[in-house]
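*Asks:* Structure for the following, please:
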Amino acid sequence: MRSPLLVAITLVLALYSFPGAARAQTPDDDLHRQVLGAVRGYTNFTIFDDVSVAVSDRAVTLTGRVTMPFKRNDLGARVAKIDGVRHLVNDIQVLPVSIGDSRLRTKIAQAIYGNSTFWHYASMVNPPIHIVVEHSRVTLTGCVNGEIERTLAYALAQVDGVMSVTNELRLDKANK
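*Replies:* The predicted structure is shown next:
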């Protein structure tokens, strides 16, 4: 009969002997944090892009919309390199090129982040309110501190030329 100490030592030595085995067992929560970090740390990721991450049994699915095709490809490549990713599905859509949509993005960003209520967000490296514009239809995504900010952002997004605004802003759990 083996002693528990001998079994534990054998297990630890086996893990050190096969480092890939330890990496392959990255928990989904840890992997989710790593993938989010890779997306948010991508230097070309802006407030006009929106990417969501889902992880299940180390299979990662990226969804959302970005303004340029190279962003979709770059984000997929960044995530695929993360240790522990078993499978990657890159379902990020590329928004159609439109001068009108581009102008609306800028106008809405100025309206929201130019408002004193949102100045603290505007100074962040990754501001939390994302503005997705497609065919003059706006979707606000991300996270804000409270219902007042959520409602105000929605109202400020109603600039001339916008056909509709969908408010998908979530409330920060710490301030609910």
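*Asks:* Next up, the contacts around L169.
*Replies:* I129, L140, T141, G142, C143, V144, E149, R150, A153, Y154 (C-beta atoms under 8 Å, 6 or more residues apart in numbering). All C-beta atoms are positioned from the backbone trio N, CA, C, and that covers glycine.
*Asks:* Y42 too?
*Replies:* Taking C-beta under 8 Å, 6+ apart as the criterion, Y42 is in contact with K71, D74, L75, R78.
*Asks:* Which one of those residues is nearest to P96?
*Replies:* K71 (14.1 Å; C-beta to C-beta).
*Asks:* Is there a neighbour count for that closest one? I'd like the number.
*Replies:* Burial of K71 is recorded as 20 neighbouring residues (other C-beta atoms under 10 Å).
*Asks:* Tell me which helix or strand it sits in.
*Replies:* Element membership of K71, judged by DSSP states H and E, is helix 69-80.
*Asks:* Give me the contacts around stretch 119-128.
*Replies:* R40, F45, I47, Y113, G114, I129, G142, C143, V144.
*Asks:* average pLDDT across it?
*Replies:* Here stretch 119-128 scores 93 as its mean pLDDT.
*Asks:* do the same with stretch 148-163
*Replies:* 98.
*Asks:* mind listing what the nearest residue to Q34 once chain neighbours are set aside touches?
*Replies:* Spatial nearest neighbour of Q34, chain neighbours left out: I82 (5.3 Å); criterion: C-beta to C-beta, 6 or more residues apart in numbering. Remark: with contacts taken as C-beta under 8 Å, 6+ apart, I82 is in contact with L31, Q34, V35, A38.
*Asks:* Mind doing that once more with 7 Å?
*Replies:* I82 is in contact with Q34, V35, A38, counting by C-beta atoms under 7 Å, 6 or more residues apart in numbering.
*Asks:* nearest residue to R40 other than its sequence neighbours?
*Replies:* What sits nearest to R40 in space, not counting adjacent residues and going by C-beta to C-beta, 6+ apart, is N126, at 5.3 Å.
*Asks:* The one you found - how many residues pack around it?
*Replies:* Neighbours of N126 (other C-beta under 10 Å): 14.
*Asks:* Tell me the secondary structure at it.
*Replies:* At N126 the chain is in coil, as set by DSSP: H, G, I helix; E, B strand; the rest coil.
*Asks:* Tell me where the protein has strands.
*Replies:* 50-56, 59-66, 87-94, 129-134, 137-144, 164-167, 170-171 (DSSP state E).
*Asks:* mind giving me a markdown table with those strands and columns for mean neighbour count and distance to S102?
*Replies:* As requested, the strands of the chain are exported to a markdown table (neighbours: other C-beta atoms under 10 Å; distance: least, C-beta to C-beta, whole Å):
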| stretch | mean neighbour count | distance to S102 |
| --- | --- | --- |
| strand 50-56 | 18 | 16 |
| strand 59-66 | 19 | 14 |
| strand 87-94 | 15 | 14 |
| strand 129-134 | 23 | 8 |
| strand 137-144 | 19 | 13 |
| strand 164-167 | 14 | 17 |
| strand 170-171 | 13 | 26 |
